[in-house]
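# turn this into a model:
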Amino acid sequence: MTGTAPSPSQKFLNFIAEGRLCLAYDAANGAVVDIVDLDGSSERALTWKPALGTGTVAAAAVYRRRYVESHDPPYNVAIIRLAEGPMLLSTVEGIEGAPVVGTKVQAAFAKDGTLVFRPD
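Residues are numbered from 1 along each chain as shown. Got it, this is the predicted structure:
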């Protein structure tokens, strides 16, 4: 019995679930594919490579209400621009309040397996 191959965005999430941060690259031109454009790409046209895991805080906020069960308020939410270019929505651990825009961060995995970032 053969199953349907996961979509590129699901494959990205599967890497995260395995504790790996990998990015998709266009096999034809070698350019990194932005996360929001993954499902517009054919899986055959992508190659996957481990990300450096470094990035910079591009924007941040502190949530004081519970929006997800896994986070007790207050918690920060940050847009991280990876060194390779794509941006991810995540949280920065090990700080109080909102991370400062421009802060250098490093990818890590929380105890529950989610992708987080820590000050570098």
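
# quick one: the helices in the protein?
Here the chain has its helices, by DSSP state H, at 8-17.

# can I see the domain layout of it?
8-50, 54-119 (automatic domain parsing).

# got the confidence number for the residue most central in space within the chain?
Ranked by distance to the mean C-alpha position of the chain (CA atoms, centre = their mean), the top residue is Leu88 at 4.3 Å. Note on Leu88: pLDDT of 96.

# not counting its neighbours along the chain, what's nearest it?
Among residues not flanking Leu88 along the chain, Ile80 sits closest, at 5.1 Å (CB to CB, 6 or more residues apart in numbering). C-beta coordinates here come from the backbone N, C-alpha and C atoms, glycine included.

# now do the contacts for Ala28.
Ala28 makes contact with Ala45 under the criterion CB atoms under 8 Å, 6 or more residues apart in numbering.

# show me what the strand ranked longest in the chain pairs with in its sheet, parallel or antiparallel.
Looking across the chain with DSSP state E, the single longest strand is strand 54-63. Note on strand 54-63: by DSSP bridges, its sheet partners are strand 75-82 (antiparallel), strand 104-109 (antiparallel).
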